[in-house]
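In: coords below, sequence missing:
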């Protein structure tokens, strides 16, 4: 399974970025290998419109199964659902804490 987490910075201890489409960075975690990569989302963060749809496409292109973020707008939600990506809400934590909470079943499913 591949998990994406929206972050304010490019490290695993960065806080969750609560704005999916306009997040600063997306961390992608491959659970099989435990590899992590960080994608700069500055293009989405500064987009005039369509940021959520663009970010959903990035996740789909990277084979993401699960998204952990703060909030997903309605258009992004449609794009994520069409791609078969589930989303969970995590607020006020960093990537490591959010991932642990997801694995423990403690995050609210929003999609």
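Out: Thanks, I have it. Model, not experiment: these values are computed from the prediction.
In: what's across from the closest residue to residue 62 other than its chain neighbours in the sheet?
Out: Of all residues not flanking residue 62 in the chain, residue 28 sits nearest, at 5.7 Å (CB to CB, 6 or more residues apart in numbering). Heads up, the C-betas are built off the backbone N, CA and C, glycines and all. According to DSSP bridges, residue 4, residue 37 are recorded as the beta-bridge partners of residue 28.
In: Let me know whether residue 28 touches residue 64 as I believe.
Out: Yes: judged on CB atoms under 8 Å, residue 28 makes contact with residue 64 at a distance of 6.8 Å.
In: Quick check: neighbours shared by these two?
Out: 2-4 (CB atoms under 8 Å, 6 or more residues apart in numbering).
In: how close does the residue nearest to residue 62 get to residue 12?
Out: Separation of residue 28 from residue 12 (CB to CB, to the nearest Å): 11 Å.
In: who touches both of these two?
Out: residue 36.
In: Give me the more crowded residue out of those two.
Out: Neighbour comparison, residue 28 and residue 12: the larger count goes to residue 28, with 18 against 15 (by other CB atoms under 10 Å).
In: Quick check: that one vs residue 35, distance?
Out: Residue 28 is 8 Å from residue 35, by CB to CB.
In: Check residue 105 too.
Out: 24 Å.
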